[in-house]
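J.: Fold the following for me, if possible:
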Amino acid sequence: MQKVKTLLSTFILVLLAASPALAVDTSQTYNSGILVLLFVGFCALLIVAQLVPAVLALFGMTKEAAKSTSGKKLAASAKKH
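T.: This is a model prediction of the structure:
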């Protein structure tokens, strides 16, 4: 049991000492040009332009579904009385 405990302790200490060596090199910085940024911005604009009508349509469908459901409940309660 003592050998296993010693082996695990040694293994953990070696991993803790080696962890900074596994870190990512941060000496390089973002170096892409303005054209790459403009392209990514244009793609984001296309996505947002398609997302706005989709959200509006979703809200419209939800509102209509809520109206029809409440109308059916109102008609069902009127029939009971």
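J.: tell me which helix or strand of this structure sits lowest on mean pLDDT?
T.: helix 2-18 (a mean of 84; mean pLDDT, DSSP states H and E).
J.: what about the longest helix in the protein?
T.: Longest helix in the chain, counting residues (DSSP state H): helix 34-80.
J.: could you say what helices and strands that one packs with?
T.: Counting contacts by 3 or more CB pairs under 8 Å, 6 or more residues apart in numbering; DSSP states H and E, helix 34-80 is packed against no other helix or strand. In short, each C-beta sits where N, CA and C put it, glycine included.
J.: any weak-confidence spans in this protein?
T.: Applying pLDDT under 70 to the chain flags the ranges 18-30, 71-81.
J.: One more pass at 80, please.
T.: Where the chain drops to pLDDT under 80, the residues are 15-32, 70-81.
J.: Show the backbone phi and psi for G33.
T.: Main-chain torsions, G33, degrees, to the nearest 10: phi -80, psi 180.
J.: how much space between L58 and L46?
T.: L58 sits at a distance of 19 Å from L46 (criterion: CB to CB, to the nearest Å).
J.: just V4 next, same as before
T.: Where L46 is concerned, V4 sits at a distance of 59 Å (CB to CB).
J.: Next: K63.
T.: Plainly put, K63 is 27 Å away from L46 if you go by CB to CB.
J.: Repeat that for L38.
T.: Taken as CB to CB, the span from L38 to L46 is 13 Å.
J.: can you check L35 too?
T.: If you go by CB to CB, the gap between L35 and L46 works out to 17 Å.
J.: How about A65?
T.: 29 Å.
J.: same question, V55
T.: 15 Å.
J.: Off-centre distance for the longest helix of the chain?
T.: Helix 34-80 sits 19 Å away from the centroid of its parent chain (CA atoms, centre = their mean, to the nearest Å).
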